[in-house]
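Pasting the sequence and the predicted coordinates here, then a few questions.
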Amino acid sequence: MKLTERVDAVREKGPHHRFDKKAPEPALVNSNAVPTALANASSLPPASSLSSVTAVPVPSPAPIAASQLPVDPLADIKERAAQELFERIGTRLNDPSLSEEQLHAYARAELGNIVSAEQVPLSDDERDRLIAEIGADVLGYGPLDVLLADEAVSEIMVNGHEQIFVERNGRLSLSPSRFTSEAQLRRVIERIVSKVGRRIDESSPLVDARLADGSRVNAIIPPLSVDGSSLTIRKFSREPLTVRDLIGFGTLSPDMAELLDACVKAKLNIIVSGGTGTGKTTLLNVLSGYIPPDERIITIEDAVELQLQQEHVIRLESRPANIEGKGEITIRDLVRNSLRMRPDRIVIGECRGGESLDMLQAMNTGHDGSISTVHANSPRDAIARLETLVLMAGMDLPLRAIREQITSAIDVIVQISRLKDGTRRITHVTEVQGMEGEIVTLQDAFIFDHGAGTDADGHLLGRAVATGVRPRFADKFRDLGIELSPGVFQAELMTRAQR
Ligand SMILES: Nc1ncnc2c1ncn2[C@@H]1O[C@H](COP(=O)(O)OP(=O)(O)OP(=O)(O)O)[C@@H](O)[C@H]1O
Ligand SMILES: [Mg+2]
């Protein structure tokens, strides 16, 4: 058990403990009731940046009953020192003007004073260990540190202080780590959001933020989150997944990768469609990687996630309103602005509002080769979703006009799904052909072969296969001299009898 957990545990024990006199357990629903020092005293940096204070490895906080814990002779002094540290430097823990190094140096110096003042005889080693452990606990992310450092974990979901789920290899599991109290969880959340200049309290109980390493964080606290604060962290992979990785995972076949490469090079307008966490942004990143290096690329995102390797890239990020409700810059503002920046390609992280209309108009007025994602469960859904999003622009356009805009703008929809075995697969590559009456006509070039069944471990054996229909956009490849292997569109759909 880590020190902050112990401090919390002790604090929860009852009023006889000296910490309770100074700092009663805060009423969590009302964040104003949290004493400043405690509310602020929590943790922050990813484990890597803690190296300066983490001289002693921090043990994994398995849920062991306090009575079973080996007795640490320094436990008492640690608790006192940590509490004293909270009180002395609490307000500075979330001070954005202090760099991590300054904060750590400051905390170490204070801890040195506190430990000396305890007048407990300690060897140099014990003293160093004490300072390192307390520092790591107060300045770290509590039980999240272990999970953040674990490369195999791609997503961390905290559902109240007692439950942390993680995703590994596409599968969710309950982690043995947990926070000792809602107060500890809230301190971690406050520390994370304050680092990006945001705050979380009753007046703004939901916040998007990012960790120093780029990981995306969403936090929502009571009373909106009924059973305790909830924190979701999408870990940022330093090495973005490449097309080779995706082929290796079975997300797409080499043939399909070749086709998508050709689609990007031929400046087709592409929409990646998929549900939450299906890998849309990852696929968008891979597709953007096919953009030739001599083109000027503008990326527009809510929170920068794309990691393009080209040299000529301008990254734009939207901005939420400040505390007074002013200063918001939306994706839509950025899309409009980007048109005045001489873009060759506009890559929009996700269309989720009125910017969809501006994007379609841009695609229809010479800004070919744009790529974006929408949240939808099938190519047909993606069209319906775009219709709704265009309506959000508030232009009062007739549905038919919207559909015409969509059909003339979008060339290809790539559908990605998370299948029941946890793998992410491209299930459709679909051409948007035109309109028949009121209906948008779609033609699949690749679809997932769901009939292939599963292996002994429950893994799906199917993959996306060519339907045999040669999409009309393939003519564009020929005109531009883009060569595709002859067999790419050849039908592979097998009947059960053939298998
Ligand atoms: N093809 C893939 N195979 C395995 N894991 C993947 C694949 N694509 C993405 N991932 C992993 O899945 C997680 C979600 O990916 P990503 O952010 O691309 O999804 P998303 O659809 O954009 O999510 P959101 O809807 O939240 O924006 C990441 O941790 C990423 O590393
Ligand atoms: Mg995404």
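Done, it's in. Numbers count the residues shown, from 1 in each chain. Ligands and ions are numbered 1, 2, ... in the order given.

Run through the residues of this structure sitting next to ligand 2.
K280, T281 (CB under 5 Å from the ion). C-betas here are computed from N, CA, C, even on glycine.

give me the number of residues near the residue in the chain that ligand 2 sits nearest to?
Closest to ligand 2 within the chain is T281: 3.3 Å, counting by CB to the ion. The number of residues packed near T281 is 21, by other CB atoms under 10 Å.

quick one: the helix or strand where it lies near ligand 1?
Per DSSP states H and E: T281 is located in helix 280-288. Yes: interface with ligand 1: helix 280-288 contributes K280, T281, T282 (CB under 6 Å from any ligand atom).

Buried residues, stretch 88-96. List them.
Residues of stretch 88-96 classed as buried by neighbour count (16 or more other CB atoms under 10 Å): R88, I89, G90, R92, L93, N94.

nearest to R342, of the residues you listed?
Nearest to R342 among the buried residues of stretch 88-96, counting by CB to CB, is N94 at 41.1 Å.

Quick one: residues contacting R216.
D208, R210, I233, R234, F236, A303, E305 (CB atoms under 8 Å, 6 or more residues apart in numbering).

possible to save those as JSON lines with distance to V414, pLDDT and neighbour count?
Shown next, in JSON lines, are the contacts of R216 (distance: CB to CB, whole Å; pLDDT from 0 to 100; neighbours: other CB atoms under 10 Å):
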{"residue": "D208", "distance to V414": "26", "pLDDT": "86", "neighbour count": "15"}
{"residue": "R210", "distance to V414": "27", "pLDDT": "81", "neighbour count": "19"}
{"residue": "I233", "distance to V414": "27", "pLDDT": "94", "neighbour count": "25"}
{"residue": "R234", "distance to V414": "21", "pLDDT": "91", "neighbour count": "20"}
{"residue": "F236", "distance to V414": "23", "pLDDT": "84", "neighbour count": "18"}
{"residue": "A303", "distance to V414": "22", "pLDDT": "84", "neighbour count": "16"}
{"residue": "E305", "distance to V414": "18", "pLDDT": "89", "neighbour count": "21"}
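
re earlier: which one of the buried residues of stretch 88-96 sits closest to ligand 1?
N94 (26.7 Å; CB to the nearest ligand atom).

How about the residues of the stretch 201-350 of the chain by ligand 1?
234, 237, 241, 246, 249, 251, 274, 276-282.

ChimeraX command to pick out the buried ones of those?
Here is the ChimeraX command that selects only those of those that count as buried (16+ other CB under 10 Å):
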select :234,241,246,251,274,278,279,280,281,282
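
Mind checking which of the residues of the stretch 201-350 of the chain next to ligand 1 are in strands?
R234, G274 (DSSP state E).

Contacts only, for M359.
Contacts of M359 (CB under 8 Å, 6+ apart): V335, I346, I348, C351, S370, S372, A409.

Does the closest residue to the last one other than its chain neighbours lie in a helix or a strand, and which?
So that's A409. Distance criterion CB to CB, 6 or more residues apart in numbering; nearest residue to A409, sequence neighbours excluded, is M363 at 3.8 Å. Assessed by DSSP H and E, M363 sits inside helix 355-364.

any idea how far the spatially most central residue of the chain is from R216?
Residue closest to the average C-alpha location in the chain (CA atoms, centre = their mean): R234, at 3.1 Å. Noted for R234: a distance of 4 Å to R216, by CB to CB, to the nearest Å.

So G422 sits against R171, correct?
Yes: between G422 and R171 there is a contact under CB atoms under 8 Å: 4.5 Å.

Quick check on those two: which one has the bigger neighbour count.
G422 (15 against 10).

If we ignore the residues flanking it in sequence, what's nearest that one?
G170 (3.2 Å).

returning to what we had before: element containing the residue nearest to the residue of the chain closest to ligand 2 when sequence neighbours are not counted?
Excluding the flanking residues, the one nearest T281 by CB to CB, 6+ apart is E305, at 5.2 Å. Assigned by DSSP H and E, E305 belongs to no helix or strand.

can you check N322 too?
Judged by DSSP H and E, N322 forms part of no helix or strand.

and it, what are its phi and psi?
Phi and psi for N322, reported as degrees, to the nearest 10, are phi -80, psi -170.

what's around it, how many residues?
N322, neighbours per other CB under 10 Å, totals 11.

pLDDT score for it?
On pLDDT, N322 comes in at 76.

Ok, S123 next?
Reported pLDDT for S123: 84.

and if you look at E5?
50.

what do you get for D76?
In this model, D76 carries a pLDDT of 74.

R216 too?
Looking at R216, its pLDDT is 88.

what's the answer for M494, then?
In this model, M494 carries a pLDDT of 51.

tell me which of the contacts of M359 is nearest to P222?
C351 (31.9 Å).

So the closest one sits against I371, correct?
No: C351 lies out of contact with I371 (CB under 8 Å); the separation is 10.8 Å.

Please enumerate the shared neighbours of those two.
Common neighbours of C351 and I371 (criterion: CB under 8 Å, 6+ apart): I271.

that older thread, turn the buried residues of stretch 88-96 into TSV, columns for distance to V166, pLDDT and secondary structure.
Listed next are these as TSV, based on distance: CB to CB, whole Å; pLDDT from 0 to 100; DSSP: H, G, I helix; E, B strand; the rest coil:
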residue	distance to V166	pLDDT	secondary structure
R88	34	79	helix
I89	31	75	helix
G90	30	70	helix
R92	31	73	helix
L93	26	70	helix
N94	26	66	coil
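
For whichever residue of the stretch 51-200 of the chain sits closest to ligand 1, the count of nearby residues, please.
Of all residues in the stretch 51-200 of the chain, S154 sits closest to ligand 1, at 3.4 Å by CB to the nearest ligand atom. Residues contacting S154 under the criterion other CB under 10 Å number 17.

heads up, I number from 48, so please use that
Shifting the count to begin at 48 puts that one at S201.

what sits against N316?
Contacts of N316 by CB under 8 Å, 6+ apart are M410, D415, G416, S417, I418, A456, I457, D458, V459.

Over to A156?
No residues are in contact with A156 under the rule CB under 8 Å, 6+ apart.

Kindly recompute the last result at 10 Å.
I136, I178 (CB atoms under 10 Å, 6 or more residues apart in numbering).

List just the nearest of the contacts of N316 to ligand 1.
I418 (13.1 Å).

Against I181, how distant is that closest one?
I418 is 49 Å from I181, by CB to CB.

And stretch 317-326, how far out from the chain middle?
14 Å (CA atoms, centre = their mean, to the nearest Å).

no, scratch that, I was asking about stretch 230-244
17 Å.

what do you get for stretch 207-227?
16 Å.

cool, stretch 466-475 as well?
That offset, for stretch 466-475, works out to 19 Å (CA atoms, centre = their mean).

pLDDT on it, on average?
For stretch 466-475, the per-residue pLDDT averages 90.
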